[in-house]
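In: build me a structure from this.
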Amino acid sequence: MSRDRPIRFAADVGSRSAVRAAIDAGDPLPGTAGFAGELDGRLVRDVLGRVPLYVEGASIDGDDLPALDRWAFSPTDLADPVSFPAGAVGPADDPTRVWTLPDPDPKDDHALALDRLERAILSSVATLRTDGLAVAFSGGVDSALLAALLDAPLYVAGFPDSHDIAAARAAAESMGRADDLRVVELDLDTLGRAVPTVASATGRTNAMDVGIALPLYLAAEAAAADGVERLALGQGADELFGGYEKVVRLDHRVAADTTRGAVREQIATLSRQLPRDVLAIQAAGVDPQTPYLHDDVVSVALALPTELFVADGTRKRALRLLAGGYLPASVANREKKALQYGSRAARELDRLARRAGYKRRMDDHVTRYVESRLE
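Out: As a prediction, this is how the structure comes out:
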């Protein structure tokens, strides 16, 4: 591997000087859309882990390799890939966490907070190159708001009778964008064909991760065949704006005893989730773009008043209120299903496993099926 590989930035935003300044100041949100790679003889990865970065694991004898030759942006390029920690700087074998997310005390009233959020999202979207751009569109508020702000084709992938396809069609129709919607209808053969590609690219074989990555990959694959080079996604909106039911319930699935604490817990999971999504889409030859995950949007989201995360059982309240100015109410307020369920990918992946002889009575039967496809 070459030692002079450039640092990689997400969504073409950022500069090496910005990262140097962020290290010197300890600023976790310096105005980029994510970064990772080699800088001045050290590895760096942004606080949210928006760009995948891997180092060679301890099981590999790397004593004869220079430290900076033991890393890669993809797990497929290493023998024993281990994720480099988000928010860390240092050599591959001794990273130091230098950035943590700020924990601001919300001071804005609701109107000012919403205004700041709107300006941050509009500014982030404006950084995207629109040539060769499309939007991954499920019909939920996250992707629909991006669709309203971008003059770009819309792609949804799912099985013919899936929730996501029905929701995407209904939303596109109500937004006057029906002609812009490309529906990628999946079948078992298509899903099965993609399993080894997705598992290999992401370095993951468990049912949850593969079930999420499959429809992303297949939507991106179809978009790439149409000449699309970049795919805008709503990733991060659920984590940043309180989109999960467990944030409302504060049940056993979260350790926090406050809504704000639960939201921060979900944001912390992004460093594990995002590499899966990024790598799946890149495997199709498309670059993912995630406007909600720009530093400026994240900074505003962290400072939202609690009532703009959840109120009266309404999740992602800030984003829905903002979206109401751009979308029909039926779209701005629509609840969505998790991608692996809304697309029906999880159910059909289970079906593929059982057809291959991996019955549900077996432990981790889907994971065992996926692993068999890599052998």
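In: could you pull out the helices for the stretch 101-250 of the chain?
Out: Using DSSP state H, counting those that start in this stretch, the helices of the stretch 101-250 of the chain run over 110-126, 141-149, 163-174, 188-202, 207-225, 237-241, 245-249.
In: over to the stretch 251-375 of the chain?
Out: Here the stretch 251-375 of the chain has its helices, by DSSP H, counting those that start in this stretch, at 259-268, 270-283, 295-302, 317-323, 329-332, 339-342, 345-355, 365-374.
In: quick one: closest of the helices of the stretch 101-250 of the chain to residue 89.
Out: Closest approach to residue 89 among these (Cβ to Cβ): helix 237-241, 23.5 Å. For glycine as for every other residue, the C-beta is placed from the backbone atoms N, C-alpha and C.
In: elements contacting that closest one?
Out: In terms of contacts (3 or more Cβ pairs under 8 Å, 6 or more residues apart in numbering; DSSP states H and E), helix 237-241 is packed against helix 141-149, helix 259-268, helix 295-302, helix 317-323.
In: most packed of those?
Out: Each of these was given a mean neighbour count from mean count of other Cβ atoms under 10 Å, and the largest, a mean of 25, is that of helix 141-149.
In: and the pLDDT for residue 16?
Out: The confidence metric pLDDT takes the value 87 at residue 16.
In: tell me, how many residues neighbour it?
Out: 15 (other Cβ atoms under 10 Å).
In: hmm, back to that, mean pLDDT added to the helices of the stretch 251-375 of the chain, as TSV?
Out: Conversion of these to TSV gives the following (pLDDT from 0 to 100):
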stretch	mean pLDDT
helix 259-268	92
helix 270-283	96
helix 295-302	96
helix 317-323	96
helix 329-332	96
helix 339-342	94
helix 345-355	97
helix 365-374	96
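In: out of these, which comes closest to residue 180?
Out: Across the helices of the stretch 251-375 of the chain, residue 180 has its closest neighbour in helix 329-332 (14.4 Å, Cβ to Cβ).
In: CA atoms only for the closest one, dumped as PDB, please.
Out: Provided in PDB are the C-alpha atoms of helix 329-332 (Å, rounded to 0.1, in the frame of the first residue of the first chain):
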ATOM      1  CA  ALA A 329     -48.700  16.900   5.600                       C
ATOM      2  CA  SER A 330     -49.300  13.200   4.700                       C
ATOM      3  CA  VAL A 331     -45.600  12.900   3.900                       C
ATOM      4  CA  ALA A 332     -44.100  15.100   6.600                       C
END
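In: quick revisit: any idea which of the helices of the stretch 251-375 of the chain gets closest to residue 29?
Out: Of all these, helix 295-302 sits nearest to residue 29, with 3.9 Å by Cβ to Cβ.
In: fine by me, we can end here.
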